[in-house]
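Visitor: Give me a 3D structure for the following:
(one chain, ligands or ions: 1)
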Amino acid sequence: MDAADVSDDLLNVLYTEAEIQARIKELAADIEADYAGKDLLIVGILRGAVMVMADMARSFSRHVEMDWMAVSSYGSGTKSSGVVRILKDLDTDISGRHVVIVDEIIDTGLTLSWLTSNLSSRNPASVEIATLLRKPEALQMPVDVKYVGWDIPNEFVVGYGLDYKERYRNLRDIGTLAPHVYS
Ligand code: PRP
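Guide: The predicted structure is shown next:
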């Protein structure tokens, strides 16, 4: 669905489908250049990263291996608690591999900070992070992010994998959720 289908639920459209696709292509080109001649494994963090992973992987003109992790932050509401547990681990042994973790958003930074340290302990050749969105004002933990699509304000955004109560993930655009939806 697109923003017009849920226009009553959105304050605005932050990024259109076309803008998202163009930015993903740029990120993929940067990654492709940086890993030229190297084996590359991209790791998507379920469930929000499904769209970014699918579009990024298809933007590469090279082979890329894909794996997935699912993690859960304890706590409720719209804020992350920072306590992370693994619900689904990698199927791949990343020892000696070049890994790029792909996510759709970094909010407090707690999830990606924890994940980077977890994956780094498995003796990979390298671990970097690619995220489509980042909220600098919400950061509670420094995270070294090599590839960022856009820095955005600290607002509740949905679409392109980002949900509110499991809805809006299939929205093609990214928009700011209207407060009446969650208050
Ligand atoms: C989102 C996102 C990151 C995390 C970022 O996942 O995919 O993994 O939150 O938040 P943080 O920087 O505050 O830790 P979420 O927990 O919403 O799960 P989902 O991908 O299944 O929607």
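Visitor: so residue 117, which of the three states?
Guide: helix (DSSP: H, G, I helix; E, B strand; the rest coil).
Visitor: okay, it: pLDDT?
Guide: For residue 117, the model assigns a pLDDT of 95.
Visitor: ok, residue 6 - contacts?
Guide: 168, 171, 175 (C-beta atoms under 8 Å, 6 or more residues apart in numbering). In this view, the C-beta of every residue, glycine as well, is placed from N, C-alpha and C.
Visitor: Where does the residue nearest to residue 133 when sequence neighbours are not counted sit: helix, strand or coil?
Guide: Leaving out its chain neighbours, the residue that sits closest to residue 133 by C-beta to C-beta, 6 or more residues apart in numbering is residue 105, at 4.4 Å. Recorded secondary structure, residue 105: strand (three-state DSSP).
Visitor: Touching, residue 105 and residue 131? I think so.
Guide: Yes. Judged on C-beta atoms under 8 Å, residue 105 makes contact with residue 131 at a distance of 6.4 Å.
Visitor: Can you pull the residues of this protein lying near the ligand?
Guide: Proximity of the chain to the ligand (C-beta under 6 Å from any ligand atom) is limited to residues 45-49, 73, 80, 103-112, 163.
Visitor: PyMOL command to pick out the buried ones of those?
Guide: Of those, the buried ones can be selected in PyMOL as follows, counting by 16 or more other C-beta atoms under 10 Å:
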select buried, resi 45+46+48+49+73+80+103+104+105+106+107+108+109+110+111+112
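Visitor: Sort out for me which of the residues of the chain next to the ligand are in strands.
Guide: If you go by DSSP state E, these have 45, 46, 73, 103, 104, 105, 106 in strands.
Visitor: which one among these gets closest to residue 23?
Guide: Set against residue 23, the nearest of these by C-beta to C-beta is residue 104 (12.0 Å).
Visitor: Among the contacts of residue 6, name the ones in strands.
Guide: Reading strands off the contacts of residue 6 with DSSP E, I get residue 175.
Visitor: tell me which of the contacts of residue 6 is nearest to the ligand?
Guide: Taking C-beta to the nearest ligand atom as the measure, the ligand lies nearest residue 168 of those, at 10.4 Å.
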